[in-house]
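> Just need the structure, nothing else, for what follows:
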Amino acid sequence: MTKSKMLSHIRVLDLSRVLAGPWCTQNLADMGADVIKVERPGAGDDTRGWGPPFLKDESGIDTSEAAYYLACNRGKRSVTLDISTAEGQAIVKRLAAQSDIVIENYKVGTLARYGLAYDDLKAVRPGVIYCSVTGFGQSGPYADRPGYDFVFQGMSGLMSITGERDDLPGGGPQKVGVAISDILTGMYSTVAILGALAYRDVSGEGQYIDMALLDTTIAVLANQNMNYLTSGAVPKRYGNAHANVVPYQVFPCAGGHLILAIGNDTQFAAFCKVAGRNELADDPRYRSNTARLGNRDSLIAEIEGIMKTRDMHEWIASLEAVNVPCGPINNLQQMFEDPQVRHRGIQVTGPHPLAGGVPMVASPMRFSATPITYDVPPPLLGEHTREVLAELAGIEGEAFASLSAKGIV
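I've put the predicted structure just below:
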């Protein structure tokens, strides 16, 4: 007997686009939820056009499917619907009446003007869980401002602690190489929705969830926030070094660069033994992490000289043998070819109507009883409009044709 997925009883009405919302709903789809992705007729999610690169068909010709869009929309059904029209708004309400979760990322107040705010949809689905994702949240002096991930990496303080030190070549603030504010907001939104579902199971009550990219990006500064709040000292950039642990950074060596991530005094002593420098572990300036923090510059200068004396792979083999955390800096080709990555099945392939197959990155969530499968590809624009409207809204035949002729679907 085939087991149902853990969220196969849940339907999600996804009114979001770009990344934070779609990342959240892809997580829910991976866990089995029926995700109905509502898109603008003729255009769809903005990320459909964020290419090249585009997925290639079996002849090597570009399809219309941008890689960016493919990264965060598997497992969903696409419905095209103009929700700025009265007819479109009425259909959204009919879909919401049969949905457990609604997620949207419109500017504050937009869906209220359309009659599709939380209170409006709660009236047709009292137990609905309604999650709004915005840049600054639903309240406050900045609530009406638009914003993209890059803005929040800057405003949150993340870029003030990311990048090389100002006094070194290449110094200055840097953003993270992916839209980390969007992705983490999508992850927190997933957690919040699952928490609200659990609460509804025991109370019968739905609720409203207010998610903001700024709030999320600040929250994930973690120990750096607490460093500031407990000391009053504004954290600074350390490049590839760590604010609280030494040595914990990148070192050049023969044949490449090595990440040395020493997290305790035992590991430091083991490193010194492998390096043939036991006296460093006995030196009172370096004996404890607190001492090493106070003497960071002199210790790093010593280690930089040591690391250059051997090949990167030789260092990795020697240090791993004594349980000292270390590793190379891979590009994405090297990462996907890594034996551990291959063993974990990180790269998967699913079906695709235009290309035959589509490469994807597997979810890191691994479940023993309800494993994630990758048999539903990111949908083509409007691929399921006729199917979903007939199934959930009773719209078919002439009624559907009329909506299509008006450009509403």
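> can you give me the strands for this protein?
For the chain, the strands defined by DSSP state E cover 11-15, 34-39, 54-56, 62-66, 76-80, 101-104, 129-134, 207-212, 248-253, 256-261, 326-328, 347-352, 356-361.
> right, so of those, which gets closest to D338?
strand 326-328 (9.1 Å; Cβ to Cβ). No exception for glycine: its C-beta is placed from N, CA and C like everyone else's.
> got the buried residues for the closest one?
Buried positions in strand 326-328, judged by neighbour count with 16 or more other Cβ atoms under 10 Å: 326, 328.
> what's next to that strand, contact-wise?
Residues from elsewhere that reach strand 326-328 (Cβ atoms under 8 Å, 6 or more residues apart in numbering): 256-261, 312, 315-316, 319-320, 334.
> give me that answer again for 10 Å
Applying Cβ atoms under 10 Å, 6 or more residues apart in numbering, the contact partners of strand 326-328 are 251, 255-262, 267, 271, 312-313, 315-320, 334-335, 338.
> ditto for stretch 202-210
100-103, 108, 117-119, 121-122, 125-134, 137-139, 188-189, 192-193, 195-197, 199-200.
> now do 8 Å
So stretch 202-210 is in contact with 118, 122, 125-132, 137-139, 189, 192-193, 196, 199-200, going by Cβ under 8 Å, 6+ apart.
> For the nearest residue to Y130 once chain neighbours are set aside, give me its contacts.
Distances taken as Cβ to Cβ, 6 or more residues apart in numbering place Y118 nearest to Y130, at 4.3 Å, with adjacent residues excluded. For Y118, the contacting residues are 128, 130, 132, 208, by Cβ under 8 Å, 6+ apart.
> Report the separation between the first one and E205.
From V128 over to E205 the distance is 10 Å, taken as Cβ to Cβ, to the nearest Å.
> between the two, which one's more packed in?
V128 (22 against 11; other Cβ atoms under 10 Å).
> Does the more buried one touch Q98 like I think?
No - using Cβ atoms under 8 Å, V128 is not in contact with Q98, being 10.3 Å away.
> now F367, nearest residue through space, not along the chain?
M6 (7.2 Å).
> neighbours of the one you found, just the number please.
Neighbours of M6 under the rule other Cβ under 10 Å: 15.
> and it, what does it touch?
M6 sits next to 31-32, 367, 370 when contact means Cβ under 8 Å, 6+ apart.
> ok, which stretches of the stretch 251-400 of the chain are helices?
With DSSP state H, counting those that start in this stretch, the ranges of helices along the stretch 251-400 of the chain come out as 265-275, 278-282, 289-294, 296-307, 312-320, 332-337, 339-343, 385-393, 397-405.
> so the first one versus strand 256-261, what angle?
It stands for helix 265-275. With axes from the mean of the first three to the mean of the last three Cα atoms, to 10 degrees applied, the angle from helix 265-275 to strand 256-261 works out at 150 degrees.
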